[in-house]
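S.K.: have a look; sequence and predicted model below, questions after that.
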Number of protein chains: 2
Amino acid sequence: MIQSIERSSAVLRLLAAGPDRLRVKEIADALGLPKSTAHSILRTLEHVGFAEQDPRTARYRLGRGLTELGKAGLDVNELRSRALDWADTLAARSVESVRIGALQSGSARVVHHVFRPDDTTQSMDNGLIIPAHATSLGKVLLAYDAPAADAVARAGLDAYTRRTVTNRRALAGSLGEIRAQGWGGAVEEWEMGRAGIAAPLRTFGGLVVGAIGIYGPVERICDSRQRPRPALVELVCATAQSISRDLTGPRS
Amino acid sequence: MIQSIERSSAVLRLLAAGPDRLRVKEIADALGLPKSTAHSILRTLEHVGFAEQDPRTARYRLGRGLTELGKAGLDVNELRSRALDWADTLAARSVESVRIGALQSGSARVVHHVFRPDDTTQSMDNGLIIPAHATSLGKVLLAYDAPAADAVARAGLDAYTRRTVTNRRALAGSLGEIRAQGWGGAVEEWEMGRAGIAAPLRTFGGLVVGAIGIYGPVERICDSRQRPRPALVELVCATAQSISRDLTGPRS
DNA sequence: GACAACGTGCGACATTGTCGCACGCTCGGC
DNA sequence: GCCGAGCGTGCGACAATGTCGCACGTTGTC
């Protein structure tokens, strides 16, 4: 039984008990904890949005995160705005178009799109719903959301090219591989001649709330053996990690 | 920032995301955790009532405890039923009457009462509201609930005897002492010639949900120097700890 | 205006949570 | 109906992590 979780639940119950905001000392006394420990728990609870601190009185009360448990975890707009700069940077460094996606009602949706720097003949993909099982972005999202993956597989895996994964078992294996290596690739699974590399975006506790990836011609994305170029993979993963660090960093 | 709390919040978000119940493996994969770790977190969350496991499918979903955060922490009836046997035992061993109390809307209420074994001339105190600042039971409850203590002090500290604590500062000091030693006593603060010894009842994370204590003639409760007899204090504390262990033990 | 009490941060220690592994079991497929 | 894979669960050892004590700077109070 994990001590800190038990304690945090007690803190939440305490905060919920009365309409009054509570001081650190009061909580510490109520639970028989040192001030430091109580403070540490409160900081974490505030960090994840389960508690809030009144900036004026320094007292704590329940946070918005608890009531929002019923809804979608993270606002798509916030994800977008927080990832904007990083996406631009990734596009510049990789010299490819960049997409950020999130799962919405079980399917993958592009929530942000950065054009390839020196290429104007592209379509704006914002808001586009892309096949989750046939793109790197979609597969990464599915890899960390079992129910969605299930729903997609159950709905039927349409073939877009001859390399599209249409076998449920093969898809499950692919998703497992993505989890194992922390990123996912898709080569000509959606459109012939095009490939993508994507990595998950994580919030507190490792919760995946989206994915970011690059998409472009196979000959630029992959090496001679049709495998995603390690340098590009590294770039995508590093960007994803930076965004994740950002998401867990300043307030939520 | 406490890792396990962040992770547990992620688990809760995950459980809240979809209406489907989730498997341990799915949660572990989604957060990038080993199965064991995820399982440990889930067990704890279930333990504190934030998650529930379907006994048939072994899958997890959100628990009732989360939605009940807004209401009183622990049902008084449950506290009563769980403490019944222990209260009887305490009455038998101490040969005194035993009371169990809880805070209700800022004042102390007797939720259970066991008569002194060989004494029939007693009144039934069940449901009785007793002065929180002038009884051992009430003071123990106040010691771990700062807002209630505040409200009581603000409402005015009526004097029932010449030994009743009526000074706010003195009361605060008394409550601090109770926290420090883990039990509280009151000698002729409510009724002349009567004294009490009480200790807190704790749930998960050390949250105080009630108090148990004995009450009787000063000459039996206290030694020659008007101080609570150590043997009785020990008895009360041991009983309180047993009940607390019970409260954190089998399901909530 | 002075004191006390609070919130906050840091560091060292040791407790605690984490991880890897293995056991039974159930579910699904051949 | 049998076999196999995959799951939930439990244990143990390690070391990472949370805990605690202390001290600072500040706020609120008398």
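M.R.: Noted; the coordinates are in hand.
S.K.: from residue A:44, how far out is the residue in the stretch 151-252 of chain A positioned nearest to chain B?
M.R.: Proximity of the stretch 151-252 of chain A to chain B (Cβ to the nearest Cβ) peaks at residue A:205, 2.7 Å away. Using the backbone N, CA and C atoms, a C-beta is placed for each residue, glycine as well. Going from residue A:205 to residue A:44 by Cβ to Cβ, to the nearest Å gives 10 Å.
S.K.: now residue A:145
M.R.: Distance of residue A:145 to residue A:44, computed by Cβ to Cβ: 25 Å.
S.K.: for stretch A:204-212, measure first residue to last.
M.R.: Separation of the first and last residues of stretch A:204-212 by Cα to Cα, to the nearest Å is 17 Å.
S.K.: about what we covered before: list the residues that contact both of residue A:205 and residue A:44?
M.R.: The contact sets of residue A:205 and residue A:44 overlap at residue B:6 (Cβ atoms under 8 Å, 6 or more residues apart in numbering or on different chains).
S.K.: sorry, back to before: the residue of the stretch 151-252 of chain A closest to chain B: neighbour count?
M.R.: Applying other Cβ atoms under 10 Å in any protein chain shown, we find 24 other residues in the vicinity of residue A:205.
S.K.: and the one helix or strand residue A:232 maps to, is it in reach of DNA strand C?
M.R.: Using DSSP states H and E, residue A:232 sits in helix A:230-248. No - Helix A:230-248 lies apart from DNA strand C when judged by Cβ under 7 Å from any atom of the strand; the minimum separation is 15.0 Å.
S.K.: ok, residues contacting that helix?
M.R.: Residues from elsewhere that reach helix A:230-248 (Cβ under 8 Å, 6+ apart): A:74, A:79, A:82-83, A:86-87, A:89-90, A:93-94, A:96, A:182-183, A:185, A:197-204, A:209, A:211-214, A:221, B:6.
S.K.: just the ones of those in helices?
M.R.: Secondary-structure check on the contacts of helix A:230-248 using DSSP state H: residues within helices are A:79, A:82-83, A:86-87, A:89-90, A:93-94, A:221, B:6.
S.K.: contacts only, for residue A:57.
M.R.: By Cβ under 8 Å, 6+ apart, the contact set of residue A:57 is residue A:21.
S.K.: what's the domain layout of chain A?
M.R.: Split into domains by automatic domain parsing, chain A comes to A:3-70, A:76-248.
S.K.: average model confidence for stretch A:245-252?
M.R.: Stretch A:245-252 shows a mean pLDDT of 63.
S.K.: enumerate the positions of the lowest-mean-pLDDT helix or strand in chain A that are buried.
M.R.: Every helix and strand in chain A was compared by mean pLDDT, DSSP states H and E; the lowest is helix A:64-67, with a mean of 74. Of the residues in helix A:64-67, A:65-66 count as buried by neighbour count, 16 or more other Cβ atoms under 10 Å in any protein chain shown.
S.K.: for the helix holding residue A:232, output the C-alpha coordinates as CSV.
M.R.: Output in CSV follows, covering the C-alpha atoms of helix A:230-248 (Å, rounded to 0.1, in the frame of the first residue of the first chain):
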residue,chain,number,x,y,z
PRO,A,230,17.8,7.5,-36.7
ALA,A,231,18.7,11.2,-36.8
LEU,A,232,15.2,12.2,-37.5
VAL,A,233,13.8,9.8,-34.9
GLU,A,234,16.1,11.3,-32.4
LEU,A,235,14.9,14.7,-33.4
VAL,A,236,11.3,13.9,-33.0
CYS,A,237,11.8,12.1,-29.7
ALA,A,238,13.8,15.0,-28.3
THR,A,239,11.1,17.5,-29.3
ALA,A,240,8.4,15.3,-27.8
GLN,A,241,10.3,15.1,-24.6
SER,A,242,10.8,18.8,-24.5
ILE,A,243,7.1,19.4,-24.9
SER,A,244,6.4,16.8,-22.3
ARG,A,245,8.7,18.5,-19.9
ASP,A,246,6.9,21.7,-20.7
LEU,A,247,3.5,20.2,-20.1
THR,A,248,4.6,19.0,-16.7
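S.K.: residue numbers of the stretch 1-150 of chain A in contact with DNA strand C?
M.R.: Contact residues, the stretch 1-150 of chain A versus DNA strand C (Cβ under 7 Å from any atom of the strand): A:1-5, A:23-26, A:35-36, A:39, A:42-43, A:53, A:58-59.
S.K.: the residues you listed in helices, which ones?
M.R.: Those of these lying in helices (DSSP H): A:3-5, A:24-26, A:35-36, A:39, A:42-43.
S.K.: pLDDT of stretch A:172-185, averaged?
M.R.: Here the average pLDDT along stretch A:172-185 is 89.
S.K.: equivalent analysis for stretch A:191-209, please.
M.R.: Averaged over stretch A:191-209, pLDDT sits at 90.
S.K.: wait, does that stretch contact DNA strand D?
M.R.: No - on the criterion Cβ under 7 Å from any atom of the strand, stretch A:191-209 is out of touch with DNA strand D, staying 10.3 Å away.
S.K.: pull up the distance across that stretch, start to finish.
M.R.: End to end - Cα to Cα - stretch A:191-209 spans 26 Å.
S.K.: for it, buried residues please.
M.R.: So, applying 16+ other Cβ under 10 Å, buried residues of stretch A:191-209: A:194-209.
S.K.: same deal with stretch A:173-190?
M.R.: Going by neighbour count (16+ other Cβ under 10 Å), the buried part of stretch A:173-190 is A:174-175, A:178-179, A:183-190.
S.K.: what's the closest non-adjacent residue to residue A:52?
M.R.: Counting by Cβ to Cβ, 6 or more residues apart in numbering or on different chains, residue A:63 is the residue found nearest to residue A:52 once chain neighbours are left out, at 4.3 Å.
S.K.: that neighbour reaches residue A:54, doesn't it?
M.R.: No - applying Cβ atoms under 8 Å as the test, residue A:63 and residue A:54 come out as separate, 11.4 Å apart.
S.K.: between these two, which has more neighbouring residues?
M.R.: Higher neighbour count among residue A:63 and residue A:54: residue A:63, with 20 against 10, using other Cβ under 10 Å.
S.K.: the more buried one: what's it in contact with?
M.R.: Counting by Cβ under 8 Å, 6+ apart, residue A:63 touches A:45-46, A:49-52.
S.K.: now, which of those residues lie within strands?
M.R.: Counting by DSSP state E, the contacts of residue A:63 place A:51-52 in strands.
S.K.: residue B:141: which of the contacts of residue A:63 is nearest?
M.R.: Nearest to residue B:141 among those, counting by Cβ to Cβ, is residue A:51 at 23.9 Å.
S.K.: the closest residue to that closest one other than its chain neighbours: neighbouring residues, count only.
M.R.: Distances taken as Cβ to Cβ, 6+ apart place residue A:45 nearest to residue A:51, at 3.8 Å, with adjacent residues excluded. Other residues near residue A:45 number 26, with proximity taken as other Cβ under 10 Å.
S.K.: name the helix or strand for the residue lying farthest from the centre of chain A, please.
M.R.: Most distant from the centre of chain A: residue A:29, at 37.8 Å, with distances by Cα atoms, centre = their mean. Residue A:29 belongs to helix A:24-31 when assigned by DSSP H and E.
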